[in-house]
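Trainee: fold the following.
(chains A and B)
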There are 2 protein chains.
Amino acid sequence: MTLPTIDEAALRAAITPEIAVRSMRDAFLADGKGRTHVPAVINLDVPSTRGEIHVKTAFIDGVPFIAVKIASGFYENPAKGFPSGSGLMVVLDATTGFPAALLLDNGFLTDIRTGAAGAVAADVLAPASLGVVGVLGSGVQARQQVYCLRVVRSFARVLAWSPNPAHLDAYCDELRRAGYDARPAPTAEGVCRDADLLITATPARRALVEADWLHPGQHITALGSDSPGKQELSPACLDRADLVVVDRFAQCAGFGELKHALEAGLLTRNDVHAELGQIVAGLKPGRTSANQITIADLTGVGFQDTAIASEALQSTTWIAHRP
Amino acid sequence: MTLPTIDEAALRAAITPEIAVRSMRDAFLADGKGRTHVPAVINLDVPSTRGEIHVKTAFIDGVPFIAVKIASGFYENPAKGFPSGSGLMVVLDATTGFPAALLLDNGFLTDIRTGAAGAVAADVLAPASLGVVGVLGSGVQARQQVYCLRVVRSFARVLAWSPNPAHLDAYCDELRRAGYDARPAPTAEGVCRDADLLITATPARRALVEADWLHPGQHITALGSDSPGKQELSPACLDRADLVVVDRFAQCAGFGELKHALEAGLLTRNDVHAELGQIVAGLKPGRTSANQITIADLTGVGFQDTAIASEALQSTTWIAHRP
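Mentor: Residues are numbered from 1 along each chain as shown, chains lettered A, B, ... in the order given. This is a model prediction of the structure:
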């Protein structure tokens, strides 16, 4: 007996940004309508090798599968010549609980569902017309956020800065090969001041973006702060914003940008405009004026994994052939 | 790319009660010495099909693998002709976090590690010489507890009662075929009064065992109460016992027999003699007199899964051939 397995290459072939954005829109819609069940995550530290293991799962009423995602980061790996991160998803049949498949995605599904969640946020919060998309970062999310954003908005140019300057040129080169007008910028401030939509996708542990760099009409998607200790925006940015939207209040209050603003006493729970799902479901408005400053604080929620995994199983044909 | 997979048949062939008891003794020893890291478990309810999914993991310093165990119980399955329970373990390399193997054990490893933990408890708490082993229950743990107990103690006879009388004769037949003198009894009280060592392994949701059925010198291993709402022993049993030992204080206080005794105000935290690992590690004594009444309250801890999974990988030879 074996478990049907889909590897990273097959998943990359099946899940396009367009499919991922549709899947995330459906997932946040379900969340807004109260159809998701999201238990607290497992965080296991492995002190002897500076490792951490995170397990997330969730059920979405009406979705035929449940993903249990296991992601690891072992920070002594690079010195040994291995990547630090690894990941897979075990997919269970939501009707019987039986194992249905193993997705050996090496984190790809997390990458693309995170990019797609940014696009869903931009779709309801960003200005209708975009000139410059600013990017802080030059890693996988700097890529996925742009590729997925393109599903919901066209834009003239990408202007990027990275805390890792060695990677910035390669990033811009890759985007240009993909057909984007992408240019490196010398400072984060310059990117922020020029951007109609700003994506912050760095592993920063203190604020990179100051509130007085923002301007009316701007939308920011902040997704680097996905675990305790991380931060990309000065708390004053959230205070200055007209709309602060979170993917999950409990998570953002615990380790998102929101946490820092709450701790600084600049915001209270009531200052959070909505969870993204509430806007997608039409229970709260998104952007209502061209002059609003909007911020989406995204930490990544387990129901996104269940949604993208279920999509992956349905988008591949092997399932008809499983034993 | 695929993940090396070991199926249930191969695991049953590799993991004997003797191997499992040795593995659990080592695991509780490590726990007693503070070498385990056990995060809180994930419990996900799937209300639409009366399902539940539980995820456990743990790291044991010095053990080369980490198991992430996914177990499910979907209580509408039997009406459809399927078993309610299912389970598998994903095994990660504890040094790099990379996926190392998939154990498609259908819950076998949990069954045998639970039986083996009972044996480890009996080894330090039961009288040296046993006549009658009493069993309440007739399911998989009624079997595994007896098979594993035999690794640490010989005994004359098994006397069993079951809340499911239709299964009791089949249970005794199976034990007799395995070489035990096993007899059914008409009442739980009769079993309890005759037993030198009593195993309670039922899904009971209220007390089956009364305190005045106990007698000096008796040991009880209670393992049915493994989630909220379950109970096998009257709280007065724990009050009457000379030594109450738990596998994990936080778990037993949350959903073990201990919970009911704490809630009844019959015990306080200080009345718990020890965690089992502390006794195995020699930090606290086990049974010190032939007249003590001892109770082991076992709920099952994630480090047991990591230990048995690591044992399984090391006990099978395929690992030398993995891609």
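
Trainee: centroid-nearest residue for chain A?
Mentor: Nearest to the mean C-alpha position of chain A, counting by CA atoms, centre = their mean, stands residue A:114 at 2.7 Å.

Trainee: secondary structure element for it?
Mentor: Secondary structure assigned from DSSP states H and E places residue A:114 in helix A:108-125.

Trainee: for the residue lying closest to residue A:229 once chain neighbours are set aside, phi and psi?
Mentor: Leaving aside its sequence neighbours, residue A:229 sits nearest to residue A:205 (CB to CB, 6 or more residues apart in numbering or on different chains; 5.7 Å). Quick note: C-beta positions are derived from backbone N, CA and C, even for glycine. Torsion angles at residue A:205 (phi, psi; degrees, to the nearest 10) stand at phi -110, psi 0.

Trainee: residue contacts, residue A:205?
Mentor: Applying CB atoms under 8 Å, 6 or more residues apart in numbering or on different chains to residue A:205 gives the contacts A:229-231.

Trainee: so the residue nearest to the centre of chain A touches residue A:299, yeah?
Mentor: No: when contacts are counted by CB atoms under 8 Å, residue A:114 is not listed as touching residue A:299 (9.8 Å).

Trainee: if we can go back for a sec, beta partners for the residue nearest to residue A:229?
Mentor: When assigned by DSSP bridges, residue A:205 has beta-bridge partners residue A:231.

Trainee: isn't residue A:38 up against residue A:300?
Mentor: No: between residue A:38 and residue A:300 no contact is recorded; they are 11.2 Å apart, counting by CB under 8 Å.

Trainee: so how far does stretch A:97-113 reach from one end to the other?
Mentor: Distances were taken as CA to CA, to the nearest Å; on that basis the terminal residues of stretch A:97-113 are 23 Å apart.

Trainee: that stretch and chain B, are they touching?
Mentor: Yes: Stretch A:97-113 comes into contact with chain B (CB under 8 Å from any CB of the partner chain), by way of A:97-99, A:102, A:104.

Trainee: residues contacting the nearest residue to residue A:20 once chain neighbours are set aside?
Mentor: Excluding its sequence neighbours, the residue lying closest to residue A:20 (CB to CB, 6+ apart) is residue A:116, at 3.8 Å. With CB under 8 Å, 6+ apart as the criterion, the residues that contact residue A:116 are A:17, A:20-21, A:23-24, A:144, A:148, A:151, A:308.

Trainee: can you tell me how far the closest residue to residue A:237 other than its chain neighbours sits from residue B:38?
Mentor: In space, not counting the residues next to it along the chain, residue A:237 is nearest to residue A:211; the distance is 4.7 Å by CB to CB, 6+ apart. Here the distance between residue A:211 and residue B:38 works out to 42 Å (CB to CB, to the nearest Å).

Trainee: more neighbours: which of the two?
Mentor: Taking residue A:211 and residue B:38 together and counting by other CB atoms under 10 Å in any protein chain shown, residue B:38 has the greater number of neighbours (20 against 17).

Trainee: hang on, the more buried one packs against residue B:251?
Mentor: No: taking CB under 8 Å as the contact criterion, residue B:38 and residue B:251 are not neighbours in contact, 9.0 Å apart.

Trainee: which residues in the stretch 201-323 of chain A form helices?
Mentor: Under the criterion DSSP state H, counting those that start in this stretch, the stretch 201-323 of chain A contains helices at A:235-240, A:249-255, A:257-263, A:276-280, A:302-315.

Trainee: correction: the previous question concerned the stretch 1-150 of chain A.
Mentor: Counting by DSSP H, counting those that start in this stretch, the stretch 1-150 of chain A forms helices over residues A:8-14, A:17-32, A:108-125, A:140-152, given from the N-terminal end onward.

Trainee: please look at residue A:23 and residue A:308 and confirm they touch.
Mentor: Yes: Residue A:23 lies in contact with residue A:308 (CB under 8 Å); the separation is 5.6 Å.

Trainee: so what's residue A:110 up against?
Mentor: The neighbourhood of residue A:110, defined by CB under 8 Å, 6+ apart, consists of A:69, A:71, A:87, A:300, A:305.

Trainee: burial count for the third one?
Mentor: So that's residue A:87. By the other CB under 10 Å criterion, the neighbourhood of residue A:87 contains 24 residues.

Trainee: any idea how far it lies from residue A:116?
Mentor: Using CB to CB, one obtains 17 Å as the distance from residue A:87 to residue A:116.

Trainee: pick out the residue of the stretch 101-250 of chain A closest to chain B.
Mentor: Going by CB to the nearest CB, chain B is nearest to residue A:104 of the stretch 101-250 of chain A, at 5.7 Å.

Trainee: what about the nearest residue to that residue once chain neighbours are set aside, distance to residue A:14?
Mentor: Residue nearest to residue A:104 in three dimensions, not counting chain neighbours: residue A:7, with 4.9 Å by CB to CB, 6+ apart. For residue A:7, the distance to residue A:14 under the criterion CB to CB works out to 11 Å.

Trainee: what residues does the stretch 51-200 of chain A have near chain B?
Mentor: On the criterion CB under 8 Å from any CB, chain B has as its neighbours in the stretch 51-200 of chain A the residues A:51, A:53, A:55, A:57-59, A:61, A:66, A:68, A:70, A:72-74, A:77, A:80, A:82, A:85-86, A:88, A:90, A:92, A:94-99, A:102, A:104.

Trainee: so what's residue A:82 up against?
Mentor: Contacts were defined as CB under 8 Å, 6+ apart; by that measure residue A:82 touches A:74, B:96, B:98.
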